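Participant: predicted coordinates and the sequence they were generated for:
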Amino acid sequence: MNSSIVVKQADVVLIDDFLDFPNPHRLENLEYYGTKQSLNGPGMTYGVYSVVENRFQISGCSSYTYHLFSSQPYIRAPWFQFSEQLVDDYSQNGGIHPAFPFLTGMGGDYRVTVYGYLGLRLELDHLSVDPSLPPQIASLSYRKIYWHGYPIRAKSNQTHTSLFRPPSGALADADPDYAEAPIPVKHRSSGRILKLGRARTVTVPNRPVYLANPIQCAPIKSDQAFLPGQFPLSILDGSSATRWIPSDLPATVTVPLNEHFRAKQIIGFGFQSSNFTDFRIRFFDDPGQRTALKD
């Protein structure tokens, strides 16, 4: 297999989504196949990428970029149904008549919050979580989940996640062994096992999101349109596999710097594998000066 390969949909990366055997090349696989993903492939791919990125990323927030990619370019009006393709016109998308509504893509996006941000794993003898929210999401209340037929409510903020077991609402075929017994909850980052009793709450710390540079994951403003899924925030999410591709040129992005970064020395810019033909960088104190500054 040479480097000219184009991947139709998530395949190798699926291994690290569903299986837990040791793999020292998880992030390398994700970065490599992320750059080889065909834009004419189905939309289920990026939900998988988001889950795996969130679970194994060392720094940055590309799990959030992939989460957006798994939904926004595929949603169609008026009922928020998913198309299989980024572009529905078969004359422009590789000759494919996309499935609609595309339930696989909807399912891929639906998994991201619970299996990605909450880090849920449903084991036979315990419930396992390893939560981590990207910086763009201040708090999140998850949909109801079930373990052995018993409901659990979970919610996260930027630092902690709580899981609550309601005193009622068990399914008719719920495992009688846990009718009164607490549910074992494993927090994977610490290895701790907590006991979640009826009408009780347990709280665990989130895995922190580490930022590799002062503006990584900062909010970005761009006034120009961009190609489907090629979001401006990609330039600061820490991944070399995500991209910002504007629909037309010239195009600009603006990154706000707070007071903490004043009078800091800038030692360089990392463009990784980006293929710019021309670019300019400007610094200014007032956002209104964006169009009136010298280079």
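Facilitator: Thanks, I have it.

Participant: may I have the secondary structure class of Y32?
Facilitator: What DSSP: H, G, I helix; E, B strand; the rest coil gives for Y32 is helix.

Participant: now it: how far from S3?
Facilitator: Going from Y32 to S3 by CB to CB, to the nearest Å gives 9 Å. C-beta coordinates here come from the backbone N, C-alpha and C atoms, glycine included.

Participant: so which of the two has more stuff around it?
Facilitator: Shown here are Y32 and S3; by other CB atoms under 10 Å, Y32 has more neighbours (17 against 7).

Participant: distance check, the spatially closest residue to that one that is not a sequence neighbour against K8.
Facilitator: In space, and not counting its chain neighbours, Y32 is closest to A241: 7.9 Å by CB to CB, 6 or more residues apart in numbering. Noted for A241: a distance of 16 Å to K8, by CB to CB.

Participant: neighbour count: the two, which is higher?
Facilitator: The neighbour comparison of A241 against K8 (other CB under 10 Å) goes to A241, with 21 against 12.

Participant: wait, what's in contact with the more buried one?
Facilitator: L30, E31, Y32, G34, T35, S62 (CB atoms under 8 Å, 6 or more residues apart in numbering).

Participant: how about A218?
Facilitator: Taking CB under 8 Å, 6+ apart, we find A218 in contact with L236, V255, P256, L257.

Participant: what about the third one, how many residues nearby?
Facilitator: Other residues lying near P256 total 11 when counted by other CB under 10 Å.

Participant: name the SS class of it, please.
Facilitator: Secondary structure, three-state DSSP: P256 is coil.

Participant: ok, it touching P214?
Facilitator: No - P256 is beyond contact range of P214, at 11.8 Å (criterion: CB atoms under 8 Å).

Participant: wait, is the residue nearest to Y32 part of a helix?
Facilitator: No - under three-state DSSP, A241 sits outside any helix and is assigned coil.
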